[in-house]
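Engineer: Just to be clear, the model below is a prediction. Sequence and coordinates:
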Amino acid sequence: MITSFGTITLASFGVGSNVLQVVMIPALGFSQAISTVVAQNIGAGQIDRAERLGRLGGVIAFSFLSLTGLFAFLFAARLVAVFVPGDPAVIAGGAQYLRTMSPAWGFRGFSWP
């Protein structure tokens, strides 16, 4: 579907997606770590502690991803230029993609297991 908008849009989306993946891969790792700790506490019968750890993990993930999203929003063009240093049209499109997506990154901290 994106290819129907042209090559600049496709390249912009690709670069924006690469930046997003650089951020989200560590977030997924953190999510898996929190899931493991919560599951261990459930298995040990410490349900209250598991609940507190789940909430704490969500707050940490939300905070980290929100700050990262703010950074990506403020420096979107510079981040995109790392991937395509010589193409102003793709840099502008990729920056627009990041500025559109990054405000919601914090909420992704609550969306993984």
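Structural biologist: It's in. Residues are numbered from 1 along each chain as shown.

Engineer: doesn't residue 41 make contact with residue 49?
Structural biologist: Yes. With contact taken as Cβ atoms under 8 Å, residue 49 and residue 41 are classed as touching, separated by 4.8 Å. Quick note: C-beta positions are derived from backbone N, CA and C, even for glycine.

Engineer: Looking at those two, which is more packed in?
Structural biologist: With other Cβ atoms under 10 Å as the criterion, residue 49 and residue 41 differ in neighbour count, and residue 41 comes out ahead with 18 against 15.

Engineer: Just the buried residues of stretch 75-86, please?
Structural biologist: Residues of stretch 75-86 classed as buried by neighbour count (16 or more other Cβ atoms under 10 Å): 76, 79-81, 83-84.

Engineer: which residues sit in contact with the spatially most central residue of the chain?
Structural biologist: The geometric centre of the chain, computed from its C-alpha atoms, lies nearest to residue 24 (Cα atoms, centre = their mean), at 4.0 Å. Listed by Cβ atoms under 8 Å, 6 or more residues apart in numbering, the contact set of residue 24 reads residue 108.

Engineer: Now do the SS call for it.
Structural biologist: Three-state assignment for residue 24 (DSSP: H, G, I helix; E, B strand; the rest coil): helix.

Engineer: what's the helix or strand hosting residue 71 packed up against?
Structural biologist: Taking DSSP states H and E as the criterion, the element that holds residue 71 is helix 47-74. The contact analysis (3 or more Cβ pairs under 8 Å, 6 or more residues apart in numbering; DSSP states H and E) places helix 47-74 against helix 7-43, helix 88-101, helix 105-108.
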